[in-house]
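# need a 3D model of the sequence below.
(chains A and B)
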Amino acid sequence: DSGVTQTPKHLITATGQRVTLRCSPRSGDLSVYWYQQSLDQGLQFLIQYYNGEERAKGNILERFSAQQFPDLHSELNLSSLELGDSALYFCASSVAARDSYEQYFGPGTRLTVT
Amino acid sequence: AQSVTQPDIHITVSEGASLELRCNYSYGATPYLFWYVQSPGQGLQLLLKYFSGDTLVQGIKGFEAEFKRSQSSFNLRKPSVHWSDAAEYFCAVGARDTGRRALTFGSGTRLQVQP
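Model (predicted):
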């Protein structure tokens, strides 16, 4: 158990809908990262938040957005869903210390768009 | 931008045999390097990491990896594989010289262990 929690574990929804994925980082971790894992694209970085502020963006679609709240939990919002958005979405967290770089991953949310 | 190549998509080894999974990276300076393992239906678990210092790093579950700057490689090894090691293994690189801490992953190597 990494200490990172994600809910829900599974999500099935229809095209055009909007969903919210939730992540709680490990206690004390200030940074949260979102990754998407799909068969055709592999593991891709979407976005990073640090202490409530957006820190870096990766291959995140405009239909997707995220935020990190004062209690440090984060939500990833996916809207106007398409079949190709079906994937495993991971959240990871890390300490923001200078020499601490490793990220700890949650169990993921499996999104199926039908 | 950094990139990671895992040349072997699928590897099968016999239980008790040694294992080496290959990883090559592309990055302008010395990167941060990681190996993660993903069991079916599970998240990613950190096996080991290289930041600096000794180029041979030890990880959990009896795994080790060696950073070779001249070959831009960070291969993962285990002297004797157990059936429970069957999983997918991902090599990842992080940028050292920027504030960007997102990881770039390789495409993964699926390990099958034969009894």
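
# mind listing what's buried in the worst-scoring helix or strand of chain A on mean pLDDT?
Across the helices and strands of chain A, mean confidence by mean pLDDT, DSSP states H and E is lowest for strand A:53-57: a mean of 90. Using 16 or more other Cβ atoms under 10 Å in any protein chain shown as the test for burial, strand A:53-57 gives A:Arg55, A:Ala56. Quick note: C-beta positions are derived from backbone N, CA and C, even for glycine.

# likewise for stretch B:89-98?
Across stretch B:89-98, burial judged by 16+ other Cβ under 10 Å covers B:Tyr89, B:Phe90, B:Cys91, B:Ala92, B:Val93, B:Gly94, B:Ala95, B:Arg96.

# quick check: residues of chain B near chain A?
Within reach of chain A by Cβ under 8 Å from any Cβ of the partner chain, chain B has these residues: B:32, B:34, B:36, B:42-46, B:49, B:51, B:90, B:94, B:99-108.

# give me the nearest residue to residue 18, chain neighbours excluded.
Looking at chain A here, since you left the chain open. Sequence neighbours aside, A:Ser79 is the residue nearest to A:Arg18 in space, at 4.2 Å (criterion: Cβ to Cβ, 6 or more residues apart in numbering or on different chains).

# look at chain B instead
Spatial nearest neighbour of B:Ser18, chain neighbours left out: B:Pro79 (5.4 Å); criterion: Cβ to Cβ, 6+ apart.

# okay, strands next: where are they in chain B?
Counting by DSSP state E, one finds strands in chain B at the ranges B:3-5, B:10-14, B:19-21, B:24-26, B:32-38, B:44-50, B:56-58, B:64-68, B:73-78, B:87-94, B:103-105, B:109-114.

# chain A now?
Under DSSP E, chain A gives strands at A:5-7, A:10-13, A:19-24, A:31-38, A:42-50, A:53-57, A:64-68, A:74-78, A:87-94, A:104-105, A:109-113.

# out of these, which gets the lowest mean score?
With a mean of 90, strand A:53-57 has the lowest mean pLDDT of these.

# what does stretch B:57-72 rub up against?
If you take Cβ atoms under 8 Å, 6 or more residues apart in numbering or on different chains as the criterion, stretch B:57-72 is touched by B:24-27, B:30, B:33, B:35, B:37, B:45-50, B:55-56, B:73-80, B:85.

# using PDB, write down the CA coordinates of it.
Presented in PDB, the C-alpha positions along stretch B:57-72 are these (Å, rounded to 0.1, in the frame of the first residue of the first chain):
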ATOM      1  CA  VAL B  57      21.500   0.500  -6.800                       C
ATOM      2  CA  GLN B  58      19.600  -2.000  -4.700                       C
ATOM      3  CA  GLY B  59      15.900  -2.200  -4.500                       C
ATOM      4  CA  ILE B  60      13.100  -4.100  -3.000                       C
ATOM      5  CA  LYS B  61      12.300  -7.800  -3.700                       C
ATOM      6  CA  GLY B  62      15.900  -8.600  -4.500                       C
ATOM      7  CA  PHE B  63      16.200  -6.400  -7.600                       C
ATOM      8  CA  GLU B  64      19.100  -4.200  -8.500                       C
ATOM      9  CA  ALA B  65      19.900  -1.900 -11.400                       C
ATOM     10  CA  GLU B  66      23.100  -0.400 -12.800                       C
ATOM     11  CA  PHE B  67      23.400   3.100 -14.200                       C
ATOM     12  CA  LYS B  68      25.900   3.200 -17.100                       C
ATOM     13  CA  ARG B  69      26.300   6.700 -18.300                       C
ATOM     14  CA  SER B  70      28.400   5.700 -21.400                       C
ATOM     15  CA  GLN B  71      25.600   3.500 -22.600                       C
ATOM     16  CA  SER B  72      22.700   5.600 -21.400                       C
END
